[in-house]
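[1] Any chance you can model this:
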Amino acid sequence: MLTIKQANELKEQVKHYLIPDPYSWASGDYVITSLYYDSPDLQCYWEKVNGIKFRKKLRIRFYETKEKLTEDSLIFVEVKQRYDKTIQKRRVEMKYKDSLTLCNERIIPEHNEEDTPVIEEILAMVEERNLQPTLITSYFRHAFVGTDYDIGLRITFDSNIRYRINDLDLNSKKPGRFIVSPDRVILEIKANERVPFWLTELIAQNNYRLVRISKYCTGLEVEKEFPRRIEAY
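    The predicted structure is shown next:
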């Protein structure tokens, strides 16, 4: 977790090693809005809190553009899986209306044949856990990706991070409450195998410390003060 000043300084430093995410807007940012699903007893939440080594969660993710989200807009339905320290993500791209047909109505929509395994996995998760729309997060992301020297490396700076548990429509423009203070930025580093030496040196020089934070879990905790209280801003 960085201050805005720290984040801006680090962005300048990593520019010498990385390139901007090609999907970014001209400003270098883009907006991500995600609808998370969980069981009525918050099984996905508790698996994270209890540190279960094998766990999965389901979300519908929309990368916002200048165009308004419609039922025919393309979004992603994602299964994020963690096994010990390894994180995998499987996803399918489909129309927004089809994602709701799959995740809410539990009916498989028309789809490309190559997407069938993931779609069947999603439907099985929804039915077995009785998953329901639970929480929406939205935030600005500024991302860099590795060059040929650091293939698979990805650094993201997430800011203006908000959530809401009501009005669970991705098309809504209600911003919701802050998950963390608006003067804080969440830095994430993702690498295929190992973090390159130049980056570990930068982290050490800046004296950053590791803080593990789940936007989904923290949003629930801020809202419900459950199971532990986290200050909301």
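[2] now for the lengthiest helix in the chain, which elements pack on it?
    Across the chain, the longest stretch assigned as helix under DSSP state H is helix 116-129. Helix 116-129 makes packing contacts with strand 54-63, strand 74-83, strand 86-95, helix 96-103 when contacts are defined by 3 or more C-beta pairs under 8 Å, 6 or more residues apart in numbering; DSSP states H and E. Every C-beta, even on glycine, is put in place using the N, C-alpha and C of the backbone.
[3] Only alpha carbons, please: show that helix as CSV.
    Listed next in CSV are the C-alpha coordinates belonging to helix 116-129 (Å, rounded to 0.1, in the frame of the first residue of the first chain):
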residue,chain,number,x,y,z
THR,A,116,-17.2,-25.0,-23.2
PRO,A,117,-14.9,-26.3,-20.4
VAL,A,118,-14.7,-23.0,-18.6
ILE,A,119,-18.4,-22.3,-19.0
GLU,A,120,-19.2,-25.7,-17.6
GLU,A,121,-16.9,-25.1,-14.7
ILE,A,122,-18.6,-21.7,-14.0
LEU,A,123,-22.0,-23.3,-14.0
ALA,A,124,-20.9,-26.1,-11.7
MET,A,125,-19.5,-23.5,-9.3
VAL,A,126,-22.7,-21.5,-9.3
GLU,A,127,-24.9,-24.5,-8.7
GLU,A,128,-22.7,-26.3,-6.1
ARG,A,129,-22.2,-23.3,-4.0
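[4] Could you pull out the buried residues of that helix?
    If you call a residue buried by 16 or more other C-beta atoms under 10 Å, then helix 116-129 has these buried ones: 118-119, 121-122, 125-126, 129.
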